[in-house]
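> Sequence and predicted structure below; questions after.
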Amino acid sequence: MVGSSLVPRALGIAGAWVAHLTALEPMRPLFIGATLVFLGLAFRRLYIKMQVCEPGAVCGIPVVQKHQRLMFWMVSAAKRAKALAATSASSWSQFLSMRTAWRICFSANFTSLQ
């Protein structure tokens, strides 16, 4: 994993400014939809229409198939968490600001009654 940040840096797309990139924000539903399509195709290949392998080939080994399926579920869980976090971040911040407003309102009312 050491070299995983090397490619984006070589292309010039890594750094703190990536977190503030909002130009692609309107296209987020398209990216989420494309991710769901590709996850569906991977599911189809792993479970519904499995690859036909020659005897002794790597794709026919049950341990390899088990690892492929495990990695599929790990990646799909990570993608699902990322999509939910991205879409619910604004809702969560609105909830927290509303909660803070209620605390300020009630604390002001209770202190004025004493």
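All right, it came through fine.
> Could I get the average pLDDT for stretch 53-70?
Average pLDDT, stretch 53-70: 85.
> what about that stretch, how long is it end to end?
For stretch 53-70, the first and last residues are 20 Å from each other (C-alpha to C-alpha, to the nearest Å).
> which residues does A42 contact?
By C-beta atoms under 8 Å, 6 or more residues apart in numbering, A42 lies in contact with F72. For every residue, glycine as well, the C-beta is placed using N, CA and C.
> does it belong to a helix or a strand, and which?
helix 28-43 (DSSP states H and E).
> which regions of the protein lie under the pLDDT threshold?
Where the chain drops to pLDDT under 70, the residues are 1-21, 86-114.
> show me where it has helices.
6-11, 28-43, 62-113 (DSSP state H).
> picking that back up, pull the CA atoms of the helix holding A42 into CSV?
This file holds the C-alpha atoms of helix 28-43, laid out as CSV (Å, rounded to 0.1, in the frame of the first residue of the first chain):
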residue,chain,number,x,y,z
ARG,A,28,-22.3,12.2,-7.7
PRO,A,29,-25.5,10.3,-8.5
LEU,A,30,-24.0,9.2,-11.8
PHE,A,31,-20.9,7.9,-10.1
ILE,A,32,-23.0,6.1,-7.5
GLY,A,33,-25.1,4.6,-10.2
ALA,A,34,-22.1,3.4,-12.2
THR,A,35,-20.6,1.9,-9.1
LEU,A,36,-23.9,0.0,-8.5
VAL,A,37,-23.9,-1.3,-12.1
PHE,A,38,-20.3,-2.6,-11.8
LEU,A,39,-21.0,-4.2,-8.5
GLY,A,40,-24.0,-5.9,-10.0
LEU,A,41,-21.9,-7.2,-12.9
ALA,A,42,-19.3,-8.5,-10.5
PHE,A,43,-22.1,-10.2,-8.5
